[in-house]
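Chemist: Here is my input; please provide its structure:
(one chain, ligands or ions: 1)
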Amino acid sequence: MITLFRKVVVCWLILATCCALVAKPLPDFIQPMLTPKPVPVMPVALTVAKPERPKVLLIIDDIGDNYRLGKRVIDLPVTVNLAFLPRTPFARRLAQAGYQLGHEVMLHLPMESTTRKDLLREEALTQSLSESELRQKFFENLSDIPHVRGFNNHMGSLLTTLPQQMEWVMAFAAERQLYFVDSRTSSQSVALQQASEQGLRAVGRDIFLDPVGDQASVEKQLNKALALADKRGVVVMIGHPYRDTLDVLERRLPQLRKDYQFVSLTSYLNQTSTLAKESQAQQRDLKTLK
Ligand SMILES: [Zn+2]
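Modeler: All right, here's what the predicted structure looks like:
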């Protein structure tokens, strides 16, 4: 039996050697014997990466004049960027409470507008002020609100169009490493560009939630903002402490927080270097939505 096996092996070796010498392919019945069998691969569980939820930067500004409405804002069940008007009766108290609840605190800096001179606040930055006067007002307003990380403009449809004044203001802000959000109260605003030139981290507002103060229009603006977040991955929206706005937010946010990440400006800006260039791209995206 062993002898027979040896003969078979020897014949097989001779045949394989001959084929190799004449460079001929081995007969079909021998090829599978020489080909190593594939090692079976254990199936690996497929892990599908969950797409990141779009980010929503929700800013509520004009806070400070009304305690009850301000309290409703800080009680919203998501991270809110709270922008406080300086020299208002409840700003400091609400800023402190909002900060302790984990919200972001911003200064809502009053600036001169082209219209409504009647609404101009005494602490507003105006075009008639010199650089040193602007500087004094800027830091007085800043020191009035605790825990400020950045600022946006209250009104300012005139001042944000003035390159020199914006350069000064952004240079003051750079001293404190603040970020800037252009509320975009004028299409001619140069604030974002000046912020970028002074090295500030900055973004522009995409959507106002409540330009018309009824619930149906707030819903419509909110949906428009969310569509933009879905498309682009992030949206910057500004609302106000109006009853209708808060009614809509209180109703919608418990569900929306499951599908969107409501984040602070600081955490968003820490993950990205969003400067004027990207904000201009945001503007283009906005136009395609209109
Ligand atoms: Zn405002």
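
Chemist: To what extent is Thr79 buried, counted in neighbours?
Modeler: 20 (other CB atoms under 10 Å). (C-beta placed from N, C-alpha, C; glycine too.)

Chemist: hang on, isn't it packed against Tyr99?
Modeler: No. Using CB atoms under 8 Å, Thr79 makes no contact with Tyr99, being 11.8 Å away.

Chemist: how about the strands in the chain?
Modeler: Using DSSP state E, the strands of the chain run over residues 55-63, 81-84, 104-111, 148-155, 179-182, 202-204, 207-208, 234-239, 261-262.

Chemist: Where does the prediction get shaky in this structure?
Modeler: Low-confidence segments of the chain (pLDDT under 70): 1-50, 273-290.

Chemist: now the helices for it?
Modeler: For the chain, the helices defined by DSSP state H occupy 2-21, 31-34, 67-74, 91-100, 131-144, 163-175, 191-197, 215-232, 243-259, 265-271, 276-289.

Chemist: OK, contacts around whatever residue of the stretch 151-290 of the chain ends up closest to the ion?
Modeler: The ion sits closest to His154 of the stretch 151-290 of the chain, with a gap of 3.6 Å, by CB to the ion. Each residue near His154 by CB atoms under 8 Å, 6 or more residues apart in numbering is listed here: 61-62, 85, 108-111, 121, 124, 183.

Chemist: Can you select the buried ones among those residues for me in PyMOL?
Modeler: In PyMOL syntax, the buried subset of the contacts of His154 is picked out as below (16 or more other CB atoms under 10 Å):
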select buried, resi 61+62+85+108+109+110+111+121+124+183
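
Chemist: doesn't Val56 make contact with Gly233?
Modeler: No. Using CB under 8 Å, Gly233 is not in contact with Val56, being 10.4 Å away.

Chemist: Extract the C-alpha set from stretch 56-73 and format it as PDB.
Modeler: The C-alpha coordinates for stretch 56-73 follow below in PDB (Å, rounded to 0.1, in the frame of the first residue of the first chain):
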ATOM      1  CA  VAL A  56     -28.400  74.800  14.900                       C
ATOM      2  CA  LEU A  57     -27.000  78.000  16.400                       C
ATOM      3  CA  LEU A  58     -30.000  79.500  18.100                       C
ATOM      4  CA  ILE A  59     -29.500  83.100  19.200                       C
ATOM      5  CA  ILE A  60     -32.100  84.900  21.200                       C
ATOM      6  CA  ASP A  61     -31.300  88.600  21.500                       C
ATOM      7  CA  ASP A  62     -32.900  91.700  23.000                       C
ATOM      8  CA  ILE A  63     -33.000  90.000  26.400                       C
ATOM      9  CA  GLY A  64     -33.000  92.100  29.600                       C
ATOM     10  CA  ASP A  65     -36.000  94.400  29.700                       C
ATOM     11  CA  ASN A  66     -38.600  91.700  30.600                       C
ATOM     12  CA  TYR A  67     -37.800  89.200  33.300                       C
ATOM     13  CA  ARG A  68     -40.600  86.800  32.700                       C
ATOM     14  CA  LEU A  69     -40.000  86.500  29.000                       C
ATOM     15  CA  GLY A  70     -36.200  86.300  29.600                       C
ATOM     16  CA  LYS A  71     -36.800  83.400  32.100                       C
ATOM     17  CA  ARG A  72     -38.800  81.600  29.400                       C
ATOM     18  CA  VAL A  73     -35.800  81.800  27.100                       C
END
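
Chemist: which residues touch Val218?
Modeler: By CB under 8 Å, 6+ apart, the neighbours of Val218 are 209-210, 239, 244-245, 248.

Chemist: So which residues on the stretch 51-200 of the chain come close to the ion?
Modeler: Neighbours of the ion within the stretch 51-200 of the chain, by CB under 5 Å from the ion: 61-62, 154.

Chemist: Of all the strands of the chain, which one comes closest to Tyr268?
Modeler: For the strands of the chain, proximity to Tyr268 was assessed by CB to CB; strand 55-63 is nearest, at 5.9 Å.
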